[in-house]
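Student: Structure of the sequence below:
(chains A and B)
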Amino acid sequence: MGRAVSGVVRFLVLLPWTTSVALSSIWRLWLLDSSHSPIDWVLRQLGVLGPAENMYWLGQPGLSMTSVIAVHVWRFTPLAAVIVMAGLVAIARDIEEAARVDGAGYWRRMIPLVLPVITVSALCGGVFTFTDIAVIRVLTRGDSNDATQVLASWAFYRSIDGGDVAQGTAIALFLLPLLLAAAIFILRAVRVR
Amino acid sequence: MDSPAPLRRRYAMRHVAARAGVYFAAIVAALVCAGPFPWSLATAFKQNRDLQDPQNNPFVFNQPATSDHVNYRFTDTAFPTFVWNTAWVGGLVVLITLVLALPIAYALARLDRPWSGPVGIAILLVYLVPPSLSLRCPGWASRWGCRSPRGPWCSCIPRSRFWLALMDLFKDIPQDIEEQAMVDGYSRLGAFVRAGVPLVFPGIVALVAFAFTLTASEFIYALAFVAPTAQMPVSTGVSTQFRGDVFFWQSLRAATVLVAVPMALVFNWFLDRFVAGFTMGAIKE
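Tutor: As a prediction, the model looks like this:
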């Protein structure tokens, strides 16, 4: 029973990862649509919004950035789960049992074991989000005043859409030191484990 | 010392509470991650006037369901072509990756040359190059005639970069096994093919699954390199079909679900091997 449940949950949790970012962003676009958003419908039913009011999820700089972040979180959750799962499988049972015998409580046992795994998955998430432009491209197209542009998407706009490859490359180059630092930390965390 | 009965009851209660917490967290995670899929599937069968009326409840059918939009996806758009393009580009990427990566990883891990360390770091640096930078950095893409019939081939190239992970896999298997194979009369190539590759097989499966999903959801290269509709993969092909004011919401939804579910099934099937591949060497028998 437990195995079957965990298999089903695993399948469901994996779904966002196997969906193309661009495609999943499309239905987010509907979810956040200016006049048809189901979230607004729920808020209207709850009386938070007036009968014809809307939140304009993608229309205001603060809200649209929140929407972009939410989509990224939804998208990366499965991979983070897989990484943490792999890390937990790798932790030898006897270490945990030895700690338990020595009287360590649940959190005392788990935190030192899990922390390196979480570090790795957090850094991977950072790198993935850093280099992704699809979410912004589909959801906001950077907004009219470039309010939701990140370095990666801006580089794409300048070099491919704007036709200025040199400038786009220069922008993208600014990503490199950050990614390099992330990679060094990932390698260290893996080695520590 | 306490009498055993209340203590046992306390532990039992704690156990039940912990189980309930785990199941609750699992259900919430599953709902958050997979919730949009059934909802999208249902929406794909909604009529336009049902979907477009802001007063309607978006979570139920207010009008009878229709399969027009799903049929439209198959008969009037290039969706089957997109799926086929995604499949063959993904397969090709996996193949090229393996053909290149296996010997490179083996050489770096086993041959023990002074340059193997720096080359490994150089490969890692290539991996770090942001996709938007590697688009046209050397200018080869435009010279090689991308945004042309050769477009899909272009999106194959940059994805072949899983060498490092494979190298770690090779480092983790004991060298004696291949040495024994060579003592028994195999050449280095023979030892690599018959002893090395089978031992890292779970890792290879993991990389295949990973490379395929990454390629299938690839967006930037496909957007930049592939112009003709007939050669687009699913990610760009479908998402470029809502230009202008007309959004074919229902058929877009259908496309998303139709692609995601089979891939999740395959990925789930590989997951145990995937995890085993990630953690090879961590668990020593």
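Student: Enumerate every residue touching residue A:76.
Tutor: Residues in contact with residue A:76 (CB atoms under 8 Å, 6 or more residues apart in numbering or on different chains) are A:125, A:128, A:129. C-beta here means a position set from N, CA and C on the backbone, and glycine is covered the same way.
Student: same thing with residue B:73?
Tutor: B:79, B:251, B:254, B:255, B:258.
Student: my guess is residue B:209 meets residue B:267, correct?
Tutor: Yes. With contact taken as CB atoms under 8 Å, residue B:209 and residue B:267 are classed as touching, separated by 5.8 Å.
Student: Low-confidence ranges, chain B, go.
Tutor: Applying pLDDT under 70 to chain B flags residues B:1-3, B:121, B:123-169, B:218-231, B:237-248, B:272-285.
Student: quick revisit: so which of the contacts of residue A:76 reach chain B?
Tutor: For chain B, no contacts are drawn from those by CB under 8 Å from any CB of the partner chain.
Student: quick one: least confident of those?
Tutor: pLDDT is lowest at residue A:128 among the contacts of residue A:76; the value there is 76.
Student: for chain A, what's the longest helix?
Tutor: Using DSSP state H to define each element, chain A has its longest helix at helix A:61-90.
Student: Mind giving me the packing neighbours of the helix or strand following it?
Tutor: Following helix A:61-90 in sequence order, the next helix or strand is helix A:93-101 (DSSP states H and E). On a contact count with 3 or more CB pairs under 8 Å, 6 or more residues apart in numbering or on different chains; DSSP states H and E, helix A:93-101 meets helix A:106-131.
Student: Identify each buried residue in the helix it packs on, please.
Tutor: A:109, A:113, A:116-117, A:119-129, A:131 (16 or more other CB atoms under 10 Å in any protein chain shown).
Student: ok, now stretch A:76-94?
Tutor: Across stretch A:76-94, burial judged by 16+ other CB under 10 Å covers A:76-83, A:85-87, A:90-91.
Student: and what of stretch A:38-46?
Tutor: A:38, A:39, A:40, A:41, A:43, A:44.
Student: Leaving out sequence neighbours, find the closest residue to residue B:263.
Tutor: residue A:18 (3.9 Å; CB to CB, 6 or more residues apart in numbering or on different chains).
Student: What is the burial count for that neighbour?
Tutor: 24 (other CB atoms under 10 Å in any protein chain shown).
Student: Make JSON lines out of the contacts of residue A:76 and add distance to residue B:84.
Tutor: Below are those laid out as JSON lines (distance: CB to CB, whole Å):
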{"residue": "A:125", "distance to residue B:84": "32"}
{"residue": "A:128", "distance to residue B:84": "27"}
{"residue": "A:129", "distance to residue B:84": "30"}
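Student: pLDDT weak spots in chain A?
Tutor: Ranges of chain A meeting pLDDT under 70: A:1-2, A:92, A:141-147, A:187, A:189-193.
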